[in-house]
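>>> just to be clear, the model below is a prediction. Sequence and coordinates:
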Amino acid sequence: MYSFMGAGLFCAGVGNILLIVSTATDYWMQYRHSDNYIHQGLWRYCTPGKCFLHTDSIAYWDATRAFMTLSLLSCFFGIVVGIMAFIRHASFDRVDKTFSAGAVFLISFLFVFLAMTVYTGVTVHYYGKRYGSWRFSWSYTNGWVASGLTFFSGVLYMCSYRMHECPRSPAPH
C-alpha cells in the first residue's frame, strides 16, 4: 500500500514541477515570421531580444491558462493530502486521505488534459493554416508529460486505497 502511495507522491511531485514550468515558461510553440523565430507561451510571446505580454484576451489562451492554473493548484493540494495520508492519527481518520488524494490528482489530470487539448486543437487549426514552419516546443511537451504523471498519481493512490479497503483473504491451507 505505501509503495503505491510513495510512487504516486513521487509522480505528483514531478508532475507539479512540470506544471509550474510549463505554465510559466514561454516555449509552448515556435514559428518563423519575417526571417525571425518567435516563441510564445501562455502569458507572453518573444521575438529575438524582446518579450511582450499577450494583451489580447483570446478565449483559448484564457481557457488554457485557467485550466493549467487549476491543475497546478489541485495537484499541489493533492500532494498535501497525499502526504497526510501517510500520517496515522485518530484526528485524521474522518476522511480517507488516500482516496481523497487520488481523487484530487485525477481532477488535476482532468484540468491539465482539458488545457492541453484546447490549446492543441486551436493551435493546430489556427497556426496550421497561417504559418508553414511552426512547431510545439518544450513547455507544451512538459504539459503533456505532467498530464500523464498526474493521471498515474491518481491511479496509484486509488490502487492503494483499493488495497487498503479490500485486503486479500488468506489462502486456504
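Perfect, thanks for sending it.
>>> quickly find the element holding the nearest residue to residue 122 once chain neighbours are set aside.
Using CB to CB, 6 or more residues apart in numbering and skipping the chain neighbours, the partner closest in space to residue 122 is residue 60 (4.1 Å). In this view, the C-beta of every residue, glycine as well, is placed from N, C-alpha and C. Using DSSP states H and E, the element containing residue 60 is helix 59-84.
>>> which elements pack onto the biggest helix by length in the chain?
Assignment by DSSP state H gives helix 97-130 as the longest helix of the chain. When contacts are defined as 3 or more CB pairs under 8 Å, 6 or more residues apart in numbering; DSSP states H and E, helix 97-130 sits against helix 2-24, strand 29-33, helix 59-84, strand 134-136, helix 138-165.
>>> compare the mean pLDDT across those and name the weakest.
Lowest mean pLDDT within the helices and strands packed on helix 97-130: strand 29-33, a mean of 81.
>>> now that one - C-alpha only, CSV.
The C-alpha trace of strand 29-33 is given here as CSV (Å, rounded to 0.1, in the frame of the first residue of the first chain):
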residue,chain,number,x,y,z
MET,A,29,5.2,27.0,-29.6
GLN,A,30,7.7,28.4,-32.0
TYR,A,31,7.3,29.8,-35.5
ARG,A,32,9.1,31.7,-38.2
HIS,A,33,7.9,35.1,-39.1
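>>> how about that strand: buried residues?
For strand 29-33, a neighbour-count test (16 or more other CB atoms under 10 Å) marks 29-31 as buried.
>>> what does stretch 10-27 give?
Buried, per 16+ other CB under 10 Å, within stretch 10-27: 11-13, 15-16, 18-20, 22-23, 25-27.
>>> pull the CA atoms of it into PDB?
Provided in PDB are the C-alpha atoms of stretch 10-27 (Å, rounded to 0.1, in the frame of the first residue of the first chain):
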ATOM      1  CA  PHE A  10       6.700  11.000  -6.500                       C
ATOM      2  CA  CYS A  11       4.800  11.200  -9.800                       C
ATOM      3  CA  ALA A  12       2.700  14.000  -8.400                       C
ATOM      4  CA  GLY A  13       5.800  16.000  -7.200                       C
ATOM      5  CA  VAL A  14       7.400  15.700 -10.600                       C
ATOM      6  CA  GLY A  15       4.100  16.500 -12.300                       C
ATOM      7  CA  ASN A  16       3.600  19.600 -10.200                       C
ATOM      8  CA  ILE A  17       7.100  20.800 -11.000                       C
ATOM      9  CA  LEU A  18       6.400  20.300 -14.700                       C
ATOM     10  CA  LEU A  19       3.000  22.000 -14.400                       C
ATOM     11  CA  ILE A  20       4.700  25.100 -12.900                       C
ATOM     12  CA  VAL A  21       7.500  25.100 -15.500                       C
ATOM     13  CA  SER A  22       5.000  24.500 -18.400                       C
ATOM     14  CA  THR A  23       2.600  27.200 -17.200                       C
ATOM     15  CA  ALA A  24       5.300  29.800 -16.500                       C
ATOM     16  CA  THR A  25       7.600  29.500 -19.500                       C
ATOM     17  CA  ASP A  26       7.300  30.900 -23.000                       C
ATOM     18  CA  TYR A  27       8.000  27.900 -25.200                       C
END
